[in-house]
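Asker: Coordinates for the following, if possible.
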Amino acid sequence: MNRLKEGYVLTKNPMNPTQISRIELSPETIDCIVFWTKDPANMMDKLSFLDSMGYSYYFQFTLTPYGKGLERNLRDKKDICRTFGQLSSRLGKDRVLWRYDPIILNDVYTMDFHTKAFTELCRELQGFTEICTISFVDMYQKLHQSVKNNVIRTISESQMHQLAAELSSIGDRYGLELRACCENIDLTSDGIKPASCVDKNIIERICGHSINVKKDKNQRIGCGCLQSIDIGIYNTCRHGCVYCYANHSSASIEKNCNLHDPTSHIMVGEVSTDAKIINRMQK
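Answerer: Residues are numbered from 1 along each chain as shown. All right, here's what the predicted structure looks like:
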């Protein structure tokens, strides 16, 4: 919020921390802000400020049925469902997109479990959202131990197709359009088209005008997102989800969170004296 008030933020190059970009955050520069969240409770009292400043924005809201074994530090899911409804009631269902991802299979979270859990969540969220994005867990190198311990299993293409078709059918019953994020297989035959999380149509509808933005070439194969600037930082989330690609260790998360200063021009820590600050090119 302080960065938005001042109209800019500094971000470090993750490969070269002495290289820093200055990113303009004024409503005149930004077309739209896309928030990714698993629990926006601490944003609820700040929405009026965003509105008063003239920002266009929407939320990608991840809500999954997993317990503390996979998502260690999240609030009770019933409470988060209520927050989902409150956010949607405040912004409108077209500005809160549900994410049911990643889909994980193991002895507890079976195919049957997912069909039942997805149905229950659809029932809870009915009328609060129009789009649900799914994805199957990506086997990052950091998940080696979880795979070895059978906490996360490789999902076959036949399982993906079967579950995708079942979830699509359930979504239809509750008025939800299902989309798939960055999957290597085509799920359109199962009723699920590719997703664009930074979505041109959604942004144009929210903004009320057309935008001239190209597809982002720096994303994974299969990603349909528009060009955007990500100001998020690795190792800053305390939710403790074992499948997360953006956190490396509890120690690194705690270190970064302790370095956070709400008055700083950078999200974590301070700008070093030998840093080179470059104005990021923004149209």
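
Asker: so where's the stretch 1-150 of the chain shaky on pLDDT?
Answerer: Filtered on pLDDT under 70, the stretch 1-150 of the chain yields the residue ranges 140, 144, 147-148.

Asker: which stretches of the protein form helices?
Answerer: 2-6, 47-53, 77-91, 111-125, 144-148, 157-173, 200-207, 250-259 (DSSP state H).

Asker: could I get those as a markdown table with distance to Phe59 and mean neighbour count?
Answerer: Where you see a C-beta, it was placed from the backbone N, CA and C, and this is true even at glycine. Below are the helices of the chain laid out as a markdown table (distance: least, CB to CB, whole Å; neighbours: other CB atoms under 10 Å):
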| stretch | distance to Phe59 | mean neighbour count |
| --- | --- | --- |
| helix 2-6 | 16 | 13 |
| helix 47-53 | 10 | 13 |
| helix 77-91 | 6 | 17 |
| helix 111-125 | 13 | 17 |
| helix 144-148 | 28 | 13 |
| helix 157-173 | 19 | 17 |
| helix 200-207 | 11 | 16 |
| helix 250-259 | 22 | 13 |
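
Asker: Tabulate those helices (CSV), appending distance to Ile231.
Answerer: Converted to CSV, the helices of the chain look like this (distance: least, CB to CB, whole Å):
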stretch, distance to Ile231
helix 2-6, 8
helix 47-53, 15
helix 77-91, 21
helix 111-125, 28
helix 144-148, 29
helix 157-173, 32
helix 200-207, 17
helix 250-259, 14
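
Asker: can you tell me which of the ones you listed comes nearest to Val34?
Answerer: Taking CB to CB, helix 200-207 is the member of the helices of the chain nearest to Val34, at 8.2 Å.

Asker: Please list the outside residues in contact with that closest one.
Answerer: 31-32, 56-58, 94-95, 97, 210-211, 213, 226 (CB atoms under 8 Å, 6 or more residues apart in numbering).

Asker: Identify the farthest-apart pair in the residues you listed.
Answerer: Leu97 and Ser210 (20.6 Å).

Asker: neighbour count winner among the two?
Answerer: Per other CB atoms under 10 Å, whichever of Leu97 and Ser210 has more neighbours is Leu97, with 22 against 9.

Asker: surely that one meets Leu125?
Answerer: No: at 11.0 Å, Leu97 and Leu125 do not qualify as touching, with contact defined as CB atoms under 8 Å.

Asker: coming back round to it: so for His265, which of the helices of the chain sits nearest?
Answerer: That would be helix 2-6 among those, by CB to CB, at 7.5 Å.

Asker: Any idea what the residue nearest the centre of the chain is bridged to?
Answerer: Centroid-nearest residue in the chain: Trp36, 3.4 Å away (criterion: CA atoms, centre = their mean). On the basis of DSSP bridges, Trp36 is bridged to Gln60.

Asker: Next, work out how far apart it and Asp230 are.
Answerer: Distance, Trp36 to Asp230, using CB to CB, to the nearest Å: 9 Å.

Asker: Could you do His239 as well?
Answerer: If you go by CB to CB, the gap between His239 and Asp230 works out to 18 Å.

Asker: More neighbours: which of these two?
Answerer: His239 (16 against 11).

Asker: thought the more buried one was touching Lys38?
Answerer: Yes: using CB under 8 Å, His239 makes contact with Lys38 at a distance of 5.8 Å.

Asker: and the gap between the closest residue to Pro262 other than its chain neighbours and Leu25?
Answerer: With sequence-adjacent residues excluded and distances taken as CB to CB, 6 or more residues apart in numbering, Pro262 is closest to Asn2, at 5.8 Å. Using CB to CB, we find Asn2 at a distance of 11 Å from Leu25.

Asker: And Lys68, by the same measure?
Answerer: 36 Å.

Asker: out of those two, which sits in the busier spot?
Answerer: More neighbours surround Leu25 than the other of Lys68 and Leu25, with 20 against 9 (other CB under 10 Å).

Asker: From what I see, the residue nearest to Pro262 and Thr263 are in contact.
Answerer: Yes: taking CB under 8 Å as the definition, Asn2 is a contact partner of Thr263 at 6.4 Å.

Asker: quick one, which of the helices of the chain is nearest to Ser135?
Answerer: Short answer: helix 157-173, nearest of the helices of the chain by CB to CB, at 10.1 Å.
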